[in-house]
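Undergrad: I'll drop the sequence and a predicted model, then ask my questions.
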Amino acid sequence: MQNVYLDHAATTPMDPEVLEAMTPYFTEVFGNPSSIYSFAAKSRAAIEKARGQVAAALNALPEEIFFTSSGTEADNWALKGTFEKLSAKGGHIITTKIEHHAVLHTGEYLEKTGGAGVTYLPVDAEGRIRMEDLKGAVTDKTVLVSVMFANNEIGTIQPVGEIGRFCRERGVLFHTDAVQAAAQLDIDVKELFIDMMSLSAHKMYGPKGTGAFYLRKGLKLENFVHGGGQEKGKRASTENVAGIVGMGAAVEKMKARLSQEKPRLSTLRDRLINGVLKAIPHAKLNGAMGEERLPNNTNFSFIGIEGETLLLDLDAKGISASTGSACTSGSLEPSHVLMAIGLTHEQAHGSLRLSLGRSTTDEQINYVLDMLPPIVAKRREMSPVWEKFLEA
Amino acid sequence: MTYSEKVMEHFSNPRNVGEIKNPDGLGEAGNPQCGDIMKIYLKVRDDAGGSAVIEDVKFKTFGCASAIASSSMATEMIKGKTVDEAWELTNTAVAEALDGLPPIKMHCSVLAEEAIHRALSDYREKRGLAAVPIREHDHEHEAV
């Protein structure tokens, strides 16, 4: 049986070369970067090298990069740090209905405990915010706009540059969660007027447990983790040296491969999308097409089928995938993203995300296109929802 | 969350899938919001002087693996039983027969019990028999 991993949006395998770069920092080069002796300087230098690697990939300055434990932590920092610093000027935050829970739940937390006012912008049927909605939502009290670069479920890329320019002109800070996008796209923080950005290493063939926060030079947020003087005292705690080295190496390598990998994945993606839409009746693509979609993302709805069933049937054929169905989330509600783009409950429950990556080949796409249609047909055959759909 | 081998076996090879034309009893439970709908079809043989027997049973289910496995197992458990015996089938008996369900999936076995009760009630109504109240379950996912 084939082993086809199509859940790169969830996480990616570590690049062996990244692991190789990290290994010495677990064993030989173990010094605490804060120590004074020359041995520790090696750890310090390794962190600064990684900072430079991340900065270079984003057209940022090294001093604008702060290492965190995850993309989620960076999102928390952006929202809480901005709110705490600027709540006196007004505690209004604008975000969207399709953010990752790292942003959504932090927003809800600030509403509940800090008295923040949070506006959750709607999106269109492809998952894009409308600039006029954003412009209409900004008030004198607005301190932060947080809009994700590209959605983790449906892959739709937001008009980030337009949002950034508008926010800069209005004097409102702009944060973007680029956890998915940074692994797939060229991002220039200066060109796009980004003030803050969240990144995660494990989405780009780096280690789990390491993320980064870009904070534009000159901006002041509240410190996020209180303790020692690490990361200029803004994010205390002894640095995860090996993880940081891994993130630097992963970002650099990802960037170097991008010009080849982006068109390669886009082609595979479109072949998968067109193949599925052709082979499976009443299959629906969720999200945008072409340049406005992450090169590695596909997301479908198959009316009449529940997503968990699909995942288990695909798993039995060696294919790893993901769904926005409630049955796998432990809650009653299906994906908030799929509901926000206007799907019915039935469509959202019947969703399937296949996210491609470095290991994805033409043969694997063929294999999926062979395996998926009969699975969908078999489960629809026993589905009262499908029966009802056909009658209607 | 992992399923027992029995759940996976019934999910992969569900028994009694399909429908019965002009069923003697038809019952439906669940709703699309929660992501599961179960439909049970009964064919009942009424023996003169004896108890009515469920001669055939079929199901159609939209839902996760545990919903499909619960439908498959529950239909197996009532096939060939009298309608009175079938009425006594509880969701916990279905779950036990599947070697257990994860707590968050227990509602799938409840759906099977409900759908069977509705099918039996439909049968009673068609035969002009007195209605028997159906045990109500909370709509929430139980035991979470």
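TA: Looks like it came in fine.
Undergrad: helix, strand or coil for the residue nearest to A:Thr11 when sequence neighbours are not counted?
TA: Once flanking residues are discounted, A:Thr11 sits nearest to A:His202: 5.1 Å by CB to CB, 6 or more residues apart in numbering or on different chains. C-betas here are computed from N, CA, C, even on glycine. Under DSSP: H, G, I helix; E, B strand; the rest coil, A:His202 falls in the helix class.
Undergrad: May I see the buried residues of stretch A:135-149?
TA: Going by neighbour count (16 or more other CB atoms under 10 Å in any protein chain shown), the buried part of stretch A:135-149 is A:Ala137, A:Val138, A:Thr142, A:Val143, A:Leu144, A:Val145, A:Ser146, A:Val147, A:Met148, A:Phe149.
Undergrad: hey, which helix is longest across the chain?
TA: I went with chain A, as the question did not name one. The residue-count maximum for a helix in chain A (DSSP state H) belongs to helix A:241-279.
Undergrad: wrong one, I was asking about chain B
TA: Longest helix in chain B, counting by DSSP H: helix B:106-126.
Undergrad: Which residue ranges of chain A form strands?
TA: Under the criterion DSSP state E, strands of chain A are mapped to A:4-5, A:65-68, A:92-96, A:117-121, A:142-146, A:173-177, A:196-200, A:211-215, A:283-285, A:297-302, A:319-320, A:351-355.
Undergrad: and the ones you listed, which is most packed in?
TA: Neighbour counts (mean count of other CB atoms under 10 Å in any protein chain shown) averaged over each of those peak at strand A:196-200, with a mean of 29.
Undergrad: Sheet-wise, list the partners of that one with their directions.
TA: strand A:173-177 (parallel), strand A:211-215 (antiparallel) (DSSP bridges).
Undergrad: Dump those into TSV; add distance to A:Ala45 as well.
TA: Listed next are the strands paired with strand A:196-200 as TSV, based on distance: least, CB to CB, whole Å:
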stretch	distance to A:Ala45
strand A:173-177	30
strand A:211-215	18
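Undergrad: Centroid-nearest residue for chain B?
TA: B:Ala112 (3.3 Å; CA atoms, centre = their mean).
Undergrad: just checking, that residue touches B:Ser71?
TA: Yes: between B:Ala112 and B:Ser71 there is a contact under CB atoms under 8 Å: 5.7 Å.
Undergrad: Common neighbours of these two, please.
TA: B:Met38 (CB atoms under 8 Å, 6 or more residues apart in numbering or on different chains).
Undergrad: mind listing what's buried in the longest helix of chain B?
TA: For helix B:106-126, the neighbour count (16+ other CB under 10 Å) marks B:106-124 as buried.
Undergrad: What's the mean pLDDT across it?
TA: Across helix B:106-126, pLDDT averages out at 94.
Undergrad: Quickly check: it near chain A or not.
TA: No: Helix B:106-126 lies out of reach of chain A by CB under 8 Å from any CB of the partner chain, never closer than 9.2 Å.
Undergrad: quick one, what contacts the closest residue to A:Gly81 other than its chain neighbours?
TA: If you skip the residues right next to it in sequence, A:Gly81 has A:Leu221 as its closest partner in space, 3.4 Å away by CB to CB, 6+ apart. Going by CB under 8 Å, 6+ apart, A:Leu221 touches A:Trp77, A:Ala78, A:Gly81, A:Thr82, A:Glu84, A:Lys85, A:Leu215, A:Lys234.
Undergrad: Verify the stated contact: the second one with A:Val145.
TA: Looking back up the chat, that one is A:Ala78. No: if you go by CB under 8 Å, A:Ala78 and A:Val145 don't touch, sitting 10.6 Å apart.
Undergrad: Quick check: which element contains B:Met38?
TA: Assigned by DSSP states H and E, B:Met38 falls within strand B:36-45.
Undergrad: Show me which residues of chain B sit near chain A.
TA: Looking at chain A, the residues of chain B close enough under CB under 8 Å from any CB are B:8, B:11-12, B:14, B:17-18, B:28, B:32-39, B:59-65, B:67-68, B:104, B:140-141, B:144.
Undergrad: Name the residues of chain A found near chain B, please.
TA: Residues of chain A lying near chain B (CB under 8 Å from any CB): A:304-306, A:308-309, A:312, A:316, A:325-328, A:330, A:332, A:334, A:344-346, A:349, A:381-387.
Undergrad: are any of these buried, and which?
TA: The neighbour-count criterion (16+ other CB under 10 Å) marks A:304-306, A:308-309, A:312, A:325-328, A:334, A:345-346, A:349, A:382-387 among the residues of chain A next to chain B as buried.
Undergrad: got any ranges where the chain has weak pLDDT?
TA: Answering for chain A, as no chain was given. A:326-332 (pLDDT under 70).
Undergrad: that's the wrong chain, I meant chain B
TA: B:1, B:48-50, B:137-144.
Undergrad: again, only using 80
TA: For chain B, the stretches with pLDDT under 80 are B:1, B:32-34, B:47-51, B:134-144.
Undergrad: before we move on, the earlier item: between A:Ala78 and A:Val145, what contacts are shared?
TA: Overlap between the contact sets of A:Ala78 and A:Val145, as judged by CB under 8 Å, 6+ apart, is given by A:His175.
Undergrad: residues contacting B:Glu16?
TA: Wrong residue type there; residue B:16 is Asn, not Glu. By CB under 8 Å, 6+ apart, B:Asn16 lies in contact with B:Val57, B:Lys58, B:Phe59, B:Ser71, B:Ser72, B:Thr75, B:Glu76, B:Lys79.
Undergrad: Same check on A:Leu356?
TA: Contacts of A:Leu356 by CB under 8 Å, 6+ apart are A:Leu6, A:His8, A:Leu265, A:Leu268, A:Arg269, A:Leu272, A:Pro295, A:Asn296, A:Asn297, A:Thr298.
Undergrad: In CSV: the residues you listed, plus distance to A:Gly357.
TA: Shown next, in CSV, are those (distance: CB to CB, whole Å):
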residue, distance to A:Gly357
A:Leu6, 8
A:His8, 3
A:Leu265, 8
A:Leu268, 10
A:Arg269, 11
A:Leu272, 13
A:Pro295, 10
A:Asn296, 6
A:Asn297, 11
A:Thr298, 12
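Undergrad: Those: which two are farthest apart?
TA: A:Leu6 and A:Pro295 (13.8 Å; CB to CB).
Undergrad: these two touch, right, A:Thr238 and A:Ser34?
TA: Yes: the criterion here is CB under 8 Å, and A:Thr238 meets it with A:Ser34 at 7.1 Å.
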